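A.B. asks: structure here, sequence nowhere to be found:
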């Protein structure tokens with residue numbers, strides 16, 4: 001995909017998302033089973049977000065379609081994207097999703113629910129185009145914010161994994177929603193938690209990353225969160241202690257090579273390259289111009305973006321059901337000052 005124009009890439013991503021957003025099988029059920037009713041087919045348990053292999057991927061597939069329609073409203077597949085959103089985001093369907101999270105309030109907390117809030121934010125920023133869907137989604141949005149607040153109240157230590165349960169990445173998504181929608185109570189809670197969890201952290205062990213199944217960098221995700229929370233001067237000083245090699249411009253960080261793109265866990269490494277790329281870009285934008293740390297971030301990002309982009313294709317559903325969303329997040333600068341949608 002690296003040789004395509006930006007518009008051509010967005011068209012390919014639209015096709016990729018549309019191919020999986022309502023594909024019910026194969027599916028991964030990540031939920032406690034309390035009784036036989038929980039063993040119903042995916043579209044009966046979660047009637048909106050049943051495709052794309054798992055719930056959180058179905059959520060960010062919907063986010064992707066909205067993002068694509070905002071960034072490229074005249075795209076080749078724009079009409080199909082609008083039809084897919086109309087099929088999924090119905091009052092009846094969201095009511096069914098609400099029943100599920102009412103029964104299991106920790107379901108997909110924090111990762112999937114943070115993406116749900118990103119979908120709500122994308123709809124809000126779409127304006128008139130997303131107004132109807134925004135209201136349809138609101139009951140699930142409110143529950144998700146509440147369930148994340150309950151999770152945050154028990155988060156006494158950061159979760160520093162490189163997968164879905166990592167706390168820093170979800171806090172960053174959630175914070176973008178809180179800031180973008182004017183939810184001051186959640187914004188204050190997130191900022192207070194981020195400071196409590198990370199302000200005293202030093203010498204992040206980035207040299208020991210990644211594990212073999214990571215799609216997020218614990219160290220970079222933490223820095224990507226803190227650049228949202230701290231003013232530039234305070235963030236720059238904090239980064240000197242947290243990632244000293246980055247601050248002095250000597251950090252070495254090479255793209256990761258995935259040994260098997262058909263393996264669900266190993267394909268996470270492709271997502272790691274993409275998320276490293278956008279996190280490095282976000283961190284760079286928060287730093288003073290021409291600083292060693294900023295130049296280092298800007299130097300490291302392109303190779304990760306290129307390697308990650310080459311992994312986004314239709315060949316293996318293990319990656320195809322979610323990597324497009326990660327590429328889209330990066331190339332449209334979502335979560336950054338330079339966001340272009």
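C.D. replies: Perfect, I can see it now. Everything numeric here is computed off the predicted structure, so don't read it as measured data.

A.B. asks: give me the neighbour count for the residue nearest to residue 130 when sequence neighbours are not counted.
C.D. replies: Distance criterion CB to CB, 6 or more residues apart in numbering; nearest residue to residue 130, sequence neighbours excluded, is residue 123 at 3.5 Å. For the C-beta atoms, the positions are set from N, CA and C on the backbone; glycine is no exception. The local packing of residue 123 (other CB atoms under 10 Å) involves 26 other residues.

A.B. asks: residues contacting residue 123?
C.D. replies: With contact set as CB atoms under 8 Å, 6 or more residues apart in numbering, residue 123 has these partners: 66, 130-131, 133-134, 137.

A.B. asks: could you dump those residues to a markdown table with neighbour count?
C.D. replies: As requested, the contacts of residue 123 are exported to a markdown table (neighbours: other CB atoms under 10 Å):
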| residue | neighbour count |
| --- | --- |
| 66 | 26 |
| 130 | 23 |
| 131 | 12 |
| 133 | 23 |
| 134 | 22 |
| 137 | 24 |
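
A.B. asks: take those and write them to CSV, including pLDDT.
C.D. replies: Below are these laid out as CSV (pLDDT from 0 to 100):
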residue, pLDDT
66, 99
130, 96
131, 96
133, 98
134, 98
137, 99
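
A.B. asks: which two of those residues have the greatest separation?
C.D. replies: Comparing all pairs in the contacts of residue 123 by CB to CB, the longest separation belongs to 66 and 131, at 12.0 Å.

A.B. asks: returning to that earlier point: out of the contacts of residue 123, which are inside helices?
C.D. replies: Counted as lying in helices by DSSP state H, out of the contacts of residue 123, are 66, 131, 133-134, 137.

A.B. asks: where do the helices sit along the stretch 151-300 of the chain?
C.D. replies: Assigned by DSSP state H, counting those that start in this stretch, the stretch 151-300 of the chain shows helices spanning 167-181, 184-198, 218-229, 232-242, 244-247, 268-285, 292-310.

A.B. asks: buried set for the last one?
C.D. replies: By neighbour count, with 16 or more other CB atoms under 10 Å as the criterion, the buried positions of helix 292-310 are 293-294, 296-297, 300-301, 304-305, 307-309.

A.B. asks: ok, the fourth one next?
C.D. replies: For helix 232-242, a neighbour-count test (16+ other CB under 10 Å) marks 235-236, 238-239, 242 as buried.

A.B. asks: so what's the residue count around residue 214?
C.D. replies: By other CB under 10 Å, the residues close to residue 214 number 21.

A.B. asks: looking at this protein, which helix or strand is least sure?
C.D. replies: The least trusted helix or strand in the chain, going by mean pLDDT, DSSP states H and E, turns out to be helix 42-45, with a mean of 94.

A.B. asks: tell me the mean pLDDT over the helix or strand hosting residue 83?
C.D. replies: Using DSSP states H and E, the element containing residue 83 is helix 78-88. Averaging pLDDT along helix 78-88 yields 98.

A.B. asks: on that earlier part again, quick check: the residue nearest to residue 130 vs residue 65, distance?
C.D. replies: Distance, residue 123 to residue 65, by CB to CB, to the nearest Å: 11 Å.

A.B. asks: I'd say residue 230 and residue 242 touch.
C.D. replies: No: counting by CB atoms under 8 Å, residue 230 stays clear of residue 242, with 10.9 Å between them.

A.B. asks: from the chain's centroid, how far away is stretch 201-213?
C.D. replies: How far stretch 201-213 lies from its chain's middle: 20 Å, per CA atoms, centre = their mean, to the nearest Å.

A.B. asks: in that stretch, what's buried?
C.D. replies: Neighbour-count burial for stretch 201-213, counted by 16+ other CB under 10 Å, picks out 201, 204, 206, 209-210, 213.

A.B. asks: turn those residues into a markdown table, columns for pLDDT and distance to residue 170.
C.D. replies: Listed next are the buried residues of stretch 201-213 as a markdown table, based on pLDDT from 0 to 100; distance: CB to CB, whole Å:
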| residue | pLDDT | distance to residue 170 |
| --- | --- | --- |
| 201 | 98 | 17 |
| 204 | 98 | 18 |
| 206 | 98 | 20 |
| 209 | 98 | 18 |
| 210 | 98 | 18 |
| 213 | 98 | 18 |
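
A.B. asks: can you name the two of the residues you listed that sit furthest apart?
C.D. replies: Of all pairs drawn from the buried residues of stretch 201-213, the greatest distance, 23.2 Å, lies between 201 and 213 (CB to CB).

A.B. asks: one step back: and the helix holding residue 83, what does it pack against?
C.D. replies: Under the contact criterion of 3 or more CB pairs under 8 Å, 6 or more residues apart in numbering; DSSP states H and E, helix 78-88 touches helix 6-20, helix 55-71.
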